[in-house]
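> Return atomic coordinates for the entry below.
(chains A and B)
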Amino acid sequence: MTLNFAVLALLDGIAYASLLFLVAVGLTLIFGVLGILNIAHGSLYAIGAYVAATLGQWLVASGYNPWLTFPALFAGATIVGIVLGGLLERLLLQRIYEKDEILQLLVTFAVFMILENLQRMIWGVQPYFMSTPLNLLGNVSFLGINYTAYQVLFLPAAAIVVLFALRHFLRHTAMGAQILAVTEDREAATSIGINATRVYFMTFVIGACFAALGGALATPTTSLVTGMGANMIVLSFAVAATAGLGQIEGAAISALMIGIARAFAVYLSPELEVIMPYLIMVLVLLIKPNGLFGKVTARKI
Amino acid sequence: MSKEFLDAVPDGAAGTSAEGSWPVRQVRRENALMNKEFLAFIAVAALLAAVPFTFNSSTTFIAMCLAKGLAVLGILILLRAGQVSFGHAMYFAIGAYAAAFLSSAFRGIDMMVLVAAAILASGVAGAIVGVFVTRYRGIFFGMINLAFSMVFYSILEKAFHITGGSDGMRIRRPTLLGMELRRAEFDVAIYYVILVFALLSVWLVWRYLRSPMGEALRAVKTNETRLEYVGLSAKSVLLGGYIASAVLCGLGGVFMGMVQGLATPEHAFWTRSSELVFIAVLGGPAHVAGAFGGTVLFEAVRTYAAALLDDSWQLILGVTLILIILWAPGGMVELFRRFTGRNRVKTTTSGEASR
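Purely as a prediction, here's the structure:
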């Protein structure tokens, strides 16, 4: 393997890791606060992608300035996150917070089945494609390798902005402090006047927006097909579990690890591509059952 | 709390209590119930045995239901321990592929050899994966199983020079105890083989869940730490249940494969795993009958409504699953008990299963 290939694989990996991080951070945030692993997260990713693609295609077809497809990506993601995420939390999740973990898992799984089906009914099984933003930004040269600027500059930048914005939000704003307080101890937080119901709602919507954003930003780089939601939920779980569920900065590191490892696998032995993320997850969990950065929790008697 | 704890104590311990105390009464009631259930079991077995003579056209349909019911029975064992696996279709596929490999390597191989191979293959795979996944509970247990099955699915699909890729592999019609069978004879013969294995499995699982090991399995759900204080390793209790569930799924897979004459990667896909979980929840985890009752209802609705509902099948499954979890967490078994007023006797089991 020459240096060129190594650089190419690295760039591929970073671009992919950025998307992976966006989705996984939403999943891990929701888990950290609500204690629910939202399997429908993968569907939010897929639907975010489809809505952004539809919006972008419509803008281009109606003759608007193609640069408007950039805000369209973010607008699509926000709409999906707020509308779909908000409805889900209000109508369904609020009923199951008191229930057994397994039943919560089954409910979000049921939602996943429903959303996968709806997505197929609305957008069909034909692949969707909307590469306008990718083409607009053109190529950049990096160590003699030509690569699309969208993937090597825009995606990582978006991921880094999200990471730092989220850190700032959680550590330096009132709402963030409330979220952290509820995560630490819901009862104590409620007793000092924090509205836990509202905190749950906000967290879920924010997490859902991240999933949809991951999907929307992925739109220009791949064609949208059915089943992308299923793959993404398992993959983002692998990222979140490798880091330790609930770890935000950790998710960024394990997303990079898994993204780059997967990209190298594509070049070295393509058969391993699908297995790579799980291989890493299994290896990490064998040695550290709570993930790389996870905390050991005391067992309750 | 103490009642829950008593639930976790093996039945044999009840004998030490004074006559007429709570556990003894419980055992007596259960004995009366057992007789009734035994009669019902015999009646259902007799009805099923008559199917090829009375409803010949549905023989294959019921054979497939029974095969799938076996796999659901495996899921049910895990539900007893409060665990849910989104990847058990993997063992289903392992059973089917074990038969496919053997029947393409050895012509005229016997059905019993294929079944034994499937049991062995799924049991070994279950033990290897189980050693790893039984370290986890709840979310991790479910999702790591899912990850394993997705890896297995993509291996089946990608390694087409070995597994035939997405087209899958043919399973040649095997002989039965040395007899060469023609198509129509084979359909009836395999029906009876599946029926015998299904009845045997129901009986064994029923015994298993009432044995000390089965009670310990239930304690993994209610309180693992207390289980360990009794001196049992929660991990090995769960591993036992996990291997049993893998073998049942493997059995279901080999039978389904032989009925259809085909093993495809689809068998290992996550939608299949979710179907198994769905059926187990639909049927109700409190009783072995739920597994097969749920499967028949599920397959019947799917077969007869397929033309109408094909586009929205997953949608309907999802909505039904939510409705069951929110309003009838015991599934069909609980609804049946509510209807016949029998829930009073076993509130501990069905009530516990619902939470």
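> What is the helix or strand of chain A with the lowest mean pLDDT packed up against?
Least confident element among the helices and strands of chain A, by mean pLDDT, DSSP states H and E: strand A:139-142 (a mean of 75). With contacts taken as 3 or more CB pairs under 8 Å, 6 or more residues apart in numbering or on different chains; DSSP states H and E, strand A:139-142 sits against strand A:145-148. C-beta: built from backbone N, CA, C; applies to glycine.
> Give me the contacts around the strand it packs on.
A:4, A:7, A:8, A:11, A:134, A:137, A:138, A:139, A:140, A:141, A:221 (CB atoms under 8 Å, 6 or more residues apart in numbering or on different chains).
> Residue B:199 touches residue B:45, doesn't it?
Yes: the pair residue B:199 and residue B:45 passes the contact test of CB atoms under 8 Å, sitting 5.5 Å apart.
> Just the buried positions in stretch B:212-220, please.
B:213, B:214, B:215, B:216, B:217, B:218, B:219, B:220 (16 or more other CB atoms under 10 Å in any protein chain shown).
> and the residues you listed, which of them are in strands?
Using DSSP state E, no member of the buried residues of stretch B:212-220 falls in strands.
> From these, pick the one nearest residue A:19.
Checking those against residue A:19 with CB to CB, the nearest one is residue B:220 at 37.7 Å.
> Look up how far residue B:136 lies from that closest one.
The gap separating residue B:220 from residue B:136 is 12 Å, by CB to CB, to the nearest Å.
> Buried residues, stretch B:142-160. List them.
Buried residues in stretch B:142-160, counted by 16+ other CB under 10 Å: B:142-158.
> Tell me the residues of the stretch 151-300 of chain B that contact chain A?
B:151, B:154-155, B:158-159, B:223-226, B:270, B:274, B:277, B:281 (CB under 8 Å from any CB of the partner chain).
> Let me have these in a markdown table, adding pLDDT and secondary structure as columns.
Formatted as a markdown table, those follow (pLDDT from 0 to 100; DSSP: H, G, I helix; E, B strand; the rest coil):
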| residue | pLDDT | secondary structure |
| --- | --- | --- |
| B:151 | 84 | helix |
| B:154 | 83 | helix |
| B:155 | 85 | helix |
| B:158 | 82 | helix |
| B:159 | 80 | coil |
| B:223 | 80 | coil |
| B:224 | 80 | helix |
| B:225 | 82 | helix |
| B:226 | 82 | helix |
| B:270 | 80 | helix |
| B:274 | 83 | helix |
| B:277 | 89 | helix |
| B:281 | 86 | helix |
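> Now the stretch 151-300 of chain A against chain B: closest residue?
Residue of the stretch 151-300 of chain A nearest chain B, by CB to the nearest CB: residue A:274 (4.2 Å).
> Check which helix or strand that residue maps to.
Assigned by DSSP states H and E, residue A:274 falls within no helix or strand.
> residues contacting it?
Contact partners of residue A:274, counting by CB under 8 Å, 6+ apart, are B:150, B:151, B:154, B:158.
> quick one: strands adjacent to the least confident helix or strand of chain A?
Next to strand A:139-142 in the sheet, as set by DSSP bridges, lie strand A:145-148 (antiparallel).
> What are the buried residues along the partner strand?
A:145, A:147, A:148.
> Output the set of residues of the stretch 201-301 of chain A in proximity to chain B.
Neighbours of chain B within the stretch 201-301 of chain A, by CB under 8 Å from any CB: A:230-231, A:234, A:237-238, A:241, A:245, A:271, A:274-275, A:278, A:281-282, A:285-286, A:289, A:299-301.
> And the residues you listed, which of them are buried?
A:230-231, A:234, A:237-238, A:241, A:245, A:274-275, A:278, A:281-282, A:285.
> quick one: least confident of the residues you listed?
In terms of pLDDT, the lowest of these is residue A:274, showing 77.
> Could you check how far it is from residue B:166?
14 Å.
> One more: residue A:36?
34 Å.
> Of the two, which one has the most company?
residue A:36 (21 against 12; other CB atoms under 10 Å in any protein chain shown).
> Am I right that the more buried one sits in a helix?
No: counting by DSSP: H, G, I helix; E, B strand; the rest coil, residue A:36 is not found in a helix; it is coil.
> Extract the CA atoms of stretch A:174-188 and return them as PDB.
The C-alpha trace of stretch A:174-188 is given here as PDB (Å, rounded to 0.1, in the frame of the first residue of the first chain):
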ATOM      1  CA  ALA A 174     -28.700  27.200  32.200                       C
ATOM      2  CA  MET A 175     -30.500  24.600  30.100                       C
ATOM      3  CA  GLY A 176     -27.400  22.500  29.800                       C
ATOM      4  CA  ALA A 177     -26.900  22.600  33.500                       C
ATOM      5  CA  GLN A 178     -30.400  21.400  34.000                       C
ATOM      6  CA  ILE A 179     -29.800  18.500  31.600                       C
ATOM      7  CA  LEU A 180     -26.700  17.500  33.500                       C
ATOM      8  CA  ALA A 181     -28.500  17.800  36.800                       C
ATOM      9  CA  VAL A 182     -31.400  15.600  35.600                       C
ATOM     10  CA  THR A 183     -28.800  13.100  34.300                       C
ATOM     11  CA  GLU A 184     -27.100  13.000  37.700                       C
ATOM     12  CA  ASP A 185     -30.200  12.500  39.800                       C
ATOM     13  CA  ARG A 186     -33.700  13.000  38.400                       C
ATOM     14  CA  GLU A 187     -35.400  13.100  41.800                       C
ATOM     15  CA  ALA A 188     -33.000  15.600  43.400                       C
END
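> in that stretch, what's buried?
Counting neighbours by 16+ other CB under 10 Å, the buried set in stretch A:174-188 is A:176, A:178, A:179, A:181, A:182, A:183, A:186.
> Give me every residue in the stretch 1-150 of chain A that's in contact range of chain B.
So far as CB under 8 Å from any CB goes, the stretch 1-150 of chain A lies against chain B at A:37, A:92, A:95-96, A:99-103, A:105-107, A:109-114, A:116-118, A:120-121.
> What is the nearest of the contacts of residue A:274 to chain A?
Taking CB to the nearest CB as the measure, chain A sits nearest to residue B:154 out of the contacts of residue A:274, at 4.2 Å.
> Quick check: closest non-adjacent residue to the residue most central in space within chain B.
Nearest to the mean C-alpha position of chain B, by CA atoms, centre = their mean, lies residue B:73 at 1.9 Å. Nearest residue to residue B:73, sequence neighbours excluded (CB to CB, 6 or more residues apart in numbering or on different chains): residue B:291, at 4.3 Å.
> and if you look at residue B:123?
residue B:247 (4.8 Å).
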